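Participant: structure of the sequence below:
(one chain, ligands or ions: 1)
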Amino acid sequence: MADQQSDQVEETDREQSRSVSPYKAGLSCKCPNCGDAPIYNGLLELRDVCENCGFDLSKADAGDGAQIFVIMILGALCAIIGAYLYAAIGLPMWAIMIFLIAMIIGGTIWLLRVIKATLVALQFHHDAHEGQLTDEG
Ligand SMILES: [Zn+2]
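Facilitator: Residues are numbered from 1 along each chain as shown. Reported below is the predicted structural model:
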């Protein structure tokens, strides 16, 4: 009986989380359930519970996915922009280094927040979780 109520509550939560676009919620770093409250408690620490709708965010697990995307995307962008600034515009190397270091620091923080929030929103949207063994074999 308690399991059925728990299943119904989880099903209701899942249906609500599908009403908000995971990409819209991720880009704005908002709750994947209501899309209104911020998902972060600080720079990159996820909240346990949404302060607007009470959605349980403690099950969120983006793993290392966000870091890999940031390394690949920002690394490629910095290489292309650095080569362009050096070859096409002819900026001195020290100016290119200062520009790229600022771009890496700012871009890493911004991209990590957006990609991590998007991965968490996609996790809830698709109800992704670890596989579980059943008695049925
Ligand atoms: Zn919420």
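
Participant: which intervals of this structure have sub-threshold pLDDT?
Facilitator: Counting by pLDDT under 70, the chain shows low-confidence ranges at 1-18, 137.

Participant: what parts of it come near the ion?
Facilitator: With Cβ under 5 Å from the ion as the criterion, the chain comes near the ion at residues C31, N33, C34, A37, C50, N52, C53, F55. Just so you know, the C-beta spots here come from the backbone N, C-alpha and C atoms, and that holds for glycine as well.

Participant: dump those into a markdown table; add neighbour count as well.
Facilitator: Below are those laid out as a markdown table (neighbours: other Cβ atoms under 10 Å):
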| residue | neighbour count |
| --- | --- |
| C31 | 27 |
| N33 | 26 |
| C34 | 18 |
| A37 | 16 |
| C50 | 20 |
| N52 | 14 |
| C53 | 15 |
| F55 | 19 |
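
Participant: which of the residues you listed sits closest to Q67?
Facilitator: Closest approach to Q67 among the residues of the chain next to the ion (Cβ to Cβ): C31, at 22.4 Å.

Participant: mind listing the strands for the protein?
Facilitator: Counting by DSSP state E, the chain has no strands at all.

Participant: give me the distance between the residue positioned nearest the centre of the chain and K24.
Facilitator: Central residue of the chain (Cα atoms, centre = their mean): K116, 1.9 Å from the mean position. Noted for K116: a distance of 15 Å to K24, by Cβ to Cβ, to the nearest Å.
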